[in-house]
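[1] Take this sequence and fold it.
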Amino acid sequence: MGLAEDVGAVVTAAVAEGQVPGAAWAVSRGAEVARGSAGTHTPGGDDAVRPDDVFRIASTTKPVVAAAALTLVDDGTLTLDEPVDRLLPELADRVVLADPADASAGTVPARRPISVRDVLTFRLGLGIDFTATSWPTPTLAALAATGLPAGPPQPQAAPPPDEWLRLVATVPLAYQPGERWLYHLGASVLGVLVARATGRPLPEVLAERVLEPLGMRDTGFGVPDHARDRWGPHWTPPGEDGRRDCYDPADGQWARPPAFPDGGDGLVSTVDDLARFAAMLRAGGRAADGSRVLAGPTVTAMLTEQVGPVDDEGGGWGLGIGVRRTDEPGGRSAGSFGWDGGLGSSWWTDPVPGTTAVLLTNQMWASPQPPPLFDAFRAAAFGR
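    Numbers count the residues shown, from 1 in each chain. Here you go, the predicted structure:
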């Protein structure tokens, strides 16, 4: 079978087995391009998912916002190694837990300021520690105690950016700046940094510098008005009785712009828009029309491992994006780049065979580990 048949069979079978209610996908391998969809927006309904439908992409947001931040590095608005204190004075003069697992052990002064590079590489000292032996960690508990939303994305639950950052700044760092990779919070801080650096809201900056040049017209912090007929509810994984709960209805949290546009998990998008973004990075920063979005050396730095390993499965981290450190048996090559989202999204590009694969579903993951469909999809798309 060909690419379309191989990948389509995997997604269709997973939907038929009830793994997810619906999904859309796009895969390119060299000159061969295929896209498709399966299932419905409502479990058991007749509202079929189409290849151009819009989905909540959660953490797949992170590389897109990172690209917007790096355009500011290209034009000199930001430099990677400058302290963030100039633009984010709330994060100046940090204190750090003496023991990241024990808040009662007290704090010590930060040895140096947080840099822009620290924010992009998730080493600012705050975030999710997947290696922690107890949960929640003291800093995550302290963040939750401020009233900030914790857990899966809730766009309408967070306060506006200035108040959000003020609350974050009340919590001591878990680690010294530059010391340790901690997931997620750096991307949220990055969105505030981009807005402060430009003096404009993050959605405007993202649209002007990334989305519009690439023709990503269906991507944004909330479903665009013109795409509401290509949008549906989002679901939790099935429980023991096989029933799903609605995590977010079609008129729910992504139906209107949020007070806090979260650079970590706030976007909606389509398989085609994410494929356009991937193609820009593969082309060294150029859009399909030849216009430049990012400088070539900036793309190289973005896709070069800055931190690693960040997991036990060959994963590393570049400037706001995941990169593979090692070849994946039968799958992605070392140097592949992309990221996944816990609401059921995945985009990865393998430059060795020239393959890009995007899968978007309308069901959240049950854990940080990809569900079986995602492993099977990658095997079909990247199998070597």
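[2] C-alpha only now, for contacts and for neighbours.
    Will do.
[3] who's in contact with stretch 61-69?
    120, 187, 190-191, 194, 205-206, 209-210, 263-267, 277, 294, 319-321, 338-339, 341 (C-alpha atoms under 8 Å, 6 or more residues apart in numbering).
[4] Out of those, which sit inside helices?
    Using DSSP state H, the subset of these located in helices is Leu120, Ala187, Leu190, Gly191, Val194, Val205, Leu206, Phe277.
[5] Buried ones only from those residues, please, as a ChimeraX command.
    Those of the ones in helices among the contacts of stretch 61-69 that count as buried under 16 or more other C-alpha atoms under 10 Å are selected in ChimeraX with:
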select :120,187,190,191,194,205,206,277
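[6] Go through the ones in helices among the contacts of stretch 61-69 and name the one nearest Ala250.
    Set against Ala250, the nearest of the ones in helices among the contacts of stretch 61-69 by C-alpha to C-alpha is Leu206 (23.8 Å).
[7] so what's the closest one up against?
    The contact partners of Leu206, taken as C-alpha under 8 Å, 6+ apart, are Val65, Ala68.
[8] same question, Trp347
    Contacts for Trp347 (C-alpha under 8 Å, 6+ apart) come out as Thr60, Leu274, Gly338, Trp339, Asp340, Thr356, Ala357, Val358, Leu359.
[9] Pull stretch 182-192 out as CSV, backbone CA atoms only.
    Extracted C-alpha coordinates of stretch 182-192, given in CSV (Å, rounded to 0.1, in the frame of the first residue of the first chain):
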residue,chain,number,x,y,z
LEU,A,182,11.3,21.8,33.8
TYR,A,183,8.3,21.4,31.5
HIS,A,184,5.7,23.9,30.4
LEU,A,185,5.9,27.1,32.5
GLY,A,186,8.7,28.5,30.4
ALA,A,187,6.4,28.6,27.3
SER,A,188,3.8,30.5,29.2
VAL,A,189,6.4,33.0,30.5
LEU,A,190,7.7,33.3,26.9
GLY,A,191,4.3,34.5,25.7
VAL,A,192,4.3,37.3,28.2
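[10] Give the rounded mean pLDDT of it.
    On average, the pLDDT along stretch 182-192 is 98.
[11] ok, the nearest residue to Glu305 once chain neighbours are set aside to Phe260 distance?
    Spatially, and ignoring its direct neighbours in sequence, Glu305 is nearest to Gly318 (4.5 Å; C-alpha to C-alpha, 6 or more residues apart in numbering). Per C-alpha to C-alpha, to the nearest Å, Gly318 is found 25 Å from Phe260.
[12] Tell me how many other residues crowd the nearest residue to Asp85 once chain neighbours are set aside.
    If you skip the residues right next to it in sequence, Asp85 has Ala92 as its closest partner in space, 5.1 Å away by C-alpha to C-alpha, 6+ apart. Using other C-alpha atoms under 10 Å, Ala92 has 17 other residues around it.
[13] which residues touch Ala92?
    Ala92 neighbours (C-alpha under 8 Å, 6+ apart): Val84, Asp85, Pro113, Ile114.
[14] Just the pLDDT at it, thanks.
    Looking at Ala92, its pLDDT is 98.
[15] For Thr356, give me its contacts.
    Val27, Ser28, Arg29, Ala275, Ala278, Trp347, Trp348, Thr349, Asp350 are the contacts of Thr356 under C-alpha under 8 Å, 6+ apart.
[16] Kindly recompute the last result at 7 Å.
    By C-alpha atoms under 7 Å, 6 or more residues apart in numbering, the contact list for Thr356 reads Val27, Ser28, Arg29, Trp348, Thr349, Asp350.
[17] Looking at those, which has the smallest pLDDT value?
    Arg29 (93).
[18] That one pairs with what?
    Glu32, Thr355 (DSSP bridges).
[19] The residue nearest to Glu305 - how many residues pack around it?
    Number of residues near Gly318 (other C-alpha under 10 Å) recorded here: 23.
[20] Confirm for me that it is in contact with Val310.
    No - taking contacts as C-alpha atoms under 7 Å, Gly318 lies outside contact range of Val310: 10.7 Å.
[21] contacting residues around Val73?
    Contacts of Val73 by C-alpha under 7 Å, 6+ apart are Thr79, Leu80.
[22] Are we agreed that it is in a helix?
    Yes - judged by DSSP: H, G, I helix; E, B strand; the rest coil, Val73 forms part of a helix.
[23] so what pLDDT did it get?
    In the prediction, the pLDDT value recorded for Val73 is 98.
[24] do you know how far it is from Glu179?
    Here the distance between Val73 and Glu179 works out to 23 Å (C-alpha to C-alpha).
[25] Excluding sequence neighbours, find me the nearest residue to Phe260.
    Distance criterion C-alpha to C-alpha, 6+ apart; nearest residue to Phe260, sequence neighbours excluded, is Pro160 at 4.7 Å.
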